[in-house]
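Student: Could you look at this predicted model? Sequence included:
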Amino acid sequence: MNTIIKYLKKGELALFIIFLLVFVFFSFASEYFFSVRNIMNVSGQLSITLIASIGFAVLLIAGEVDISIGSLLAFVSLPLIEIMNITESVPLAIFVCLLFGIIIGFINGYLSVYLGISSLIVTLGMLFILRGTVYLYTGQRAISDDYMSDFFFYIGNGKFMGIVPYSAMLALIILCIFLFVMHNTSYGRKLYAIGGNKEVAHLAGYNIKRLKLSAFVICSFLSSISGIILASRIGSANPYAGDLFEFQVVAAVVLGGVSLAGGIGTLTGAAIGVMILSVISNGLGLLNVETQWQLVVNGIIIIIAVGFDELKRRKAI
Amino acid sequence: MTNIFKKNETILLFICIALCLFLAIYNPQFYSIQNIYSILRSSSTVMIVALGMTMLLTSGEVDLSVGALMSFVTVIVMDVVNITHSISLGIIAVFAFCFVIGLINGLIRTVLNVNSLIATLAMMLILQGSVYVYSMAAIYNTHLIPFFTFIGQGFFLKIPMPIIIMIIILPFFIILLNYTRYGRYFSSIGSNPDAAKLSGINNNKYKIIAFITTSMLVGVSGIILASLMDTGQQGSAKGFELIVIAAVLLGGTSFLGGSGTIIGTILGILILKIIDNGIILMGIPQEFQLVVPGVILILAVYFDNLRKRSHV
Amino acid sequence: MSKSNFQNLKIDSVSKQFPGVKALDSVSMNISTGKVHALMGENGAGKSTLIKILAGAYFKDEGKIFFDENELTIESPHDSLDLGIKVVYQEISLISGFTVGENIFLENFPANKLGIVNWKKLYKDSEELFSKIGFNLDPRAIVSDLSISQQQMVEIARAVFQNASIVIMDEPTSSLTPNEIKKLFDVIENLKKNNIAILYVTHKIEEIFQIADEVTVLRDGKHISNRPISETTEEILITDMVGRKVETSFERPTSISEEKVMKVKGISTKAKLNNISFDLSKGEILGFFGLMGAGRTELAKALFGYDQISSGQVELGNKNYKKFNTSEMVNNGIGYITEDRKGEGIVKDMNLRENMTLPSLEKFEKLIFINKEKEKSISNEYIEKFEVKTPSCERLITLLSGGNQQKVLLSRWLLRELKIIILDEPTRGVDIGAKTEVLGLINNLAKEGLSVILMTSEMNDLLSLSDRILVMANGEIKKEFSRNKVTQEEIFKASVS
């Protein structure tokens, strides 16, 4: 019980209450919302955003950003589907897909940390490079999964006991693992320290470059996992997948209290942020509000969340 | 004398000329009149907005929403002109809208103190969503007013209209940024905002002006684009902001203060557009057009960083 | 126990030169373990330079530093920390999002092979550490929730934990309440018992007599005296700190105009200032004295409109100002010279001419165009006037020396027709010859009607130029003195009360 309390601090409690409010609202507003089927449906979609958000949050806590994760989602689905179709081996496909993710993360990290180019610029450029490459390779047409492996299908669509989606369970496991790492290992604490006060961390003898590089890799790695789940759900490698995904992630993570300045915020908060935005998105969809409103909502949420963040910081000074 | 060769603009000029020669040899279609006009037209729309973006970057800010705004503008202008049959009303509507957006961007930055990168990113999302709320479908030209088409597709003295428009606007900004005190104000605000403030400069006022100016320039480019496409298209200017920013950075303006020159920016745009054009002429898949600006952006900033560090 | 086992830290004839000023001139000192050694001096005496050299942030030009007979090489902050030299600055260098315990163990979290942190051990060891040093702090508290004094304690605890052999404290009590100061002193006693040497840098004389065993006084970069506390008194220390021949006084008019150009009525700011009121007459030079943290710069910035005042108002002419910005003040004929030349003064990407004309560009305009020729001629005029060492007015400002940059900043305002000028350390980094010239110029302008607010820690400048002297401490005005009727010692005493 104590550990649960330790993980849920004041800020997160407020967020959780907001989540409950939103949940209750939509339960009344739409007759379809509060059903086992819908909730499980949301959990399935939410898992994609959540896993990537965990990676994004880890990197943000360490003081850097990666806004190319949406394009990465589409990019890694290419080797995934192609290798699966050709070799008929799902494990191999997954392995190569994750490998690509790690390599991209490494490149992002190397350019940002070792060559000193702002990570915002690097990943902004990478966003376009990856998306362009995807269009290039696919000719802007989806590559469908011809192998049709059951296992692959279950990754994104399977349900434990017919109810709880496997992907949601995976997301939960990943969340727990990284929560533990960030709060209970010296590695995780060092990431917080680097994001919190770089000079102090430097004087404490941390290898800042290596630590930041690893955070980049984690972010891309987890985004690749999201890409696998997404590809499984849509049954193909879609060149338009993940469009604007990075902004959903940013909105969720910032809403969840992870500071853009680094060093502050928890994965729990980020997770609740994802839950809130996913519920809103799902609820609005059930109420037949068009998807473009969600973009608007995301944008407004970012401004409000960052504005609050700034107010908090000014009050502290 | 050696300084001229090290200068950014000279390097860009060489690259530009080299690219032109290379493409001309590779595919004679390159120097056909139609092709050159096409390059110049698409460069104009970028250039017009780049003038405002230069003001912003010089003063230490950025606006990532220009692409989304431009798409929105094409929809608005086509719709209003269709309905009212008056180009003047269309233009007024666009400028009013752009003014408001620019003002909001400026206020979020100065009053709410939200970092302009995030603020304009959020605005980009909001605009991208809202344009579909305004109209789900693309808006076709039903008014068929000849002058409208003339704006983008017409010629004056054998020169495409967009270039004329750019040529009219350009000197104003060159003078503003290089020969009036406002240019100095923007530079000092970007280079050392405290020193600027302590010299009696009202930082917030000028930042808001820069945001509004940029948005209004987007209005101009958007109208030209609508005329060229003969449609109001929701996603038409996606990725536009990247090219603008890459061009301005290539031209020597830097986030860290210090302004590049207008010539540098023009050359930067030409290089990017010629590469774009070359990709098609050389039969390279079109999708590379997304990849290239991304790579160039990273390289441009990297070399800019190197240059800054060797200075200090 | 401590990183290095030694009896004495010996500083032998250490000197440090900066462009235009010798910050330390052959300073020698002996700091013994288990003792508190106080280091005193006015602003600019050389205290921070010495600390920075010990901390590895600066490198000494001459002289040697020893632990007993072993000579030390300190070339980086890491070297300094490795030797066990730890500085507790006013700016806290902790991770504010972490708990106290995590900060203590920052270098080395107690963890198993997998890297999993042993929180129990971390907090238990922290508690033991605290009881050894003698204060109670909850190791689970988050640093950002702590008061400044508590954060200081954490820094000290960190030092002890890292087996520091000497802890240097730089003005440790400037933000502390009397209660907290007492707690700090208890902790220091405990440090002494643990055989740690303490270098206690301060200007507060009463504290020295409470806590120190020995006192070294620095003045103008030289060490003036080295005494055990029993062999000195407050008077002796003050004389050591300020006692110098006052140089040429400037001739000031015997009576100042009755006309008031500025009336400051009860202004306060959120951060520091508290109910400041005074009047400024036409042609008057009003000097402000105060030690670091007294609030002079805050006052200067508030008067100029850079910072907002939370209450009170400033009356200029007939208008009352409650909310105003720098634009308005500049338009009212007020100028401001900052003490932070690099951060707030020069625009580094611009050249000398552009820097000089920045506040006055409307005056250089022909229609809307800037008249570069006029800029050049005025700049050259002031380059000559102040003997600014530069090949031309087109030179990039960052390539000038600090002193010359300061001259450019002075010119920036003096070329305007000002009614009031606010000067914050105007002669910092300027050599003696130019100093006299600058001060003479200010005197002449004052005679012609310019009103001057002069903030300076240079006692000489203050006494030789001011008509009245206001002494500030803790964000308030403590005392007012009249020129020619006050001594340096009196002024200094008023600033530490």
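Tutor: Great, that's in hand.
Student: use CA for all of it now, contacts and neighbours both
Tutor: OK.
Student: Got the confidence number for C:I142?
Tutor: On pLDDT, C:I142 comes in at 89.
Student: Let's see the pLDDT reported for the residue most central in space within chain C.
Tutor: The centroid of chain C falls nearest to C:M292 when counting by Cα atoms, centre = their mean (4.9 Å). Note for C:M292: predicted pLDDT of 75.
Student: C:S13 should be in a helix, yeah?
Tutor: No - applying DSSP: H, G, I helix; E, B strand; the rest coil, one finds C:S13 to be strand, outside a helix.
Student: Now it. Nearest residue, chain neighbours left out?
Tutor: Spatial nearest neighbour of C:S13, excluding adjacent residues (Cα to Cα, 6 or more residues apart in numbering or on different chains): C:S26 at 4.0 Å.
Student: Any buried residues in the helix or strand containing that neighbour, and which?
Tutor: Secondary-structure assignment from DSSP states H and E places C:S26 in strand C:21-32. With burial defined by 16 or more other Cα atoms under 10 Å in any protein chain shown, the residues of strand C:21-32 counted as buried are C:21, C:23-32.
Student: Can you spell out which helices and strands pack onto that strand?
Tutor: strand C:8-18, helix C:47-54, strand C:197-201, strand C:222-228 (3 or more Cα pairs under 8 Å, 6 or more residues apart in numbering or on different chains; DSSP states H and E).
Student: Just name the most buried of these.
Tutor: Counting by mean count of other Cα atoms under 10 Å in any protein chain shown, strand C:197-201 has the highest mean neighbour count of the helices and strands packed on strand C:21-32, with a mean of 25.
Student: Would you mind pulling up the elements that that one packs against?
Tutor: strand C:21-32, strand C:36-40, strand C:166-170.
Student: how much does the last one deviate in direction from strand C:21-32?
Tutor: Relative orientation of strand C:166-170 versus strand C:21-32 (axes from the mean of the first three to the mean of the last three Cα atoms, to 10 degrees): 140 degrees.
Student: SS state for A:V250?
Tutor: Once three-state DSSP is applied, A:V250 turns out helix.
Student: And it, how far from chain C?
Tutor: 21 Å (Cα to the nearest Cα, to the nearest Å).
Student: Quick check on residue 157: phi, psi?
Tutor: Just so you know, I chose chain A. phi -120, psi -10 (degrees, to the nearest 10).
Student: I was thinking of chain B, sorry if that wasn't clear
Tutor: phi 50, psi 40.
Student: What score does it have for pLDDT?
Tutor: 86.
Student: The one 3 residues further on now?
Tutor: On pLDDT, B:P160 comes in at 90.
Student: shouldn't it be in contact with B:G154?
Tutor: Yes - taking Cα atoms under 8 Å as the definition, B:P160 is a contact partner of B:G154 at 5.9 Å.
Student: and the two? which has more neighbours close in?
Tutor: B:P160 (20 against 17; other Cα atoms under 10 Å in any protein chain shown).
Student: beta partners for that one?
Tutor: Following DSSP bridges, B:P160 is listed with bridge partners B:F155.
Student: What residues does it make contact with?
Tutor: B:37, B:41, B:152-154 (Cα atoms under 8 Å, 6 or more residues apart in numbering or on different chains).
Student: Just put those in TSV and tack on secondary structure and distance to chain A.
Tutor: Below are the contacts of B:P160 laid out as TSV (DSSP: H, G, I helix; E, B strand; the rest coil; distance: Cα to the nearest Cα, whole Å):
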residue	secondary structure	distance to chain A
B:Y37	helix	26
B:R41	helix	23
B:G152	helix	28
B:Q153	helix	29
B:G154	coil	32
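Student: Return the members of these classed as buried.
Tutor: Here, 16+ other Cα under 10 Å leaves B:37, B:41, B:152-154 buried among the contacts of B:P160.
Student: Pull up the residues of the stretch 201-312 of chain B that are close to chain A.
Tutor: B:285-295, B:297-298, B:301-302, B:305 (Cα under 8 Å from any Cα of the partner chain).
Student: ok, residue 263 - contacts?
Tutor: In the absence of a named chain, chain A is used. A:60-63, A:191-197, C:97.
Student: try again with chain C
Tutor: C:K263 touches C:277-280, C:314-316, counting by Cα under 8 Å, 6+ apart.
Student: which SS class is it?
Tutor: Classified using three-state DSSP, C:K263 is strand.
Student: what bridges to it?
Tutor: Beta-bridge partners of C:K263, as defined by DSSP bridges: C:D279, C:E315.
Student: Just the pLDDT for it.
Tutor: C:K263 is given a pLDDT of 92.
Student: Would you mind identifying the next helix or strand past the least confident helix or strand in chain B by mean pLDDT?
Tutor: None of the helices or strands of chain B scores lower by mean pLDDT, DSSP states H and E than helix B:2-6, at a mean of 52. Next helix or strand after helix B:2-6 toward the C-terminus (DSSP H and E): helix B:8-26.
Student: Quick one: mean pLDDT over that following helix.
Tutor: pLDDT averaged over helix B:8-26 gives 85.
Student: Give me the contacts around it.
Tutor: Outside helix B:8-26, the residues touching it (Cα under 8 Å, 6+ apart) are B:4-5, B:30-31, B:251-252, B:263-264, B:267-268, B:270-271, B:274-275, B:278, B:282.
Student: Next, the buried residues of that helix.
Tutor: So for helix B:8-26, counting by 16+ other Cα under 10 Å, buried means B:8-10, B:12-13, B:16, B:19-20, B:23.
Student: Could you list the residues of chain B in contact with chain C?
Tutor: Selection of chain B residues close to chain C by Cα under 8 Å from any Cα yields B:179-181, B:184-185, B:188, B:191-202, B:257-258.
Student: Could you pick out the buried ones from those residues?
Tutor: Of these, these count as buried by 16+ other Cα under 10 Å: B:179-181, B:184-185, B:188, B:191-202, B:257-258.
Student: Could you tell me which of the residues you listed belong to helices?
Tutor: B:179, B:181, B:184-185, B:188, B:191, B:193-197 (DSSP state H).
Student: ok, of the residues you listed, which one's closest to C:I85?
Tutor: B:D194 (35.0 Å; Cα to Cα).
Student: and that closest one, what is it in contact with?
Tutor: C:343-345.
Student: quick check: domain ranges of chain C?
Tutor: Annotated domains of chain C cover C:8-242, C:260-496 [automatic domain parsing].
Student: Looking at those, which is nearest to B:A138?
Tutor: domain C:260-496 (44.1 Å).
Student: I'd say C:V261 and C:K319 touch.
Tutor: No - assessed by Cα under 8 Å, C:V261 is found out of contact with C:K319, at 11.0 Å.
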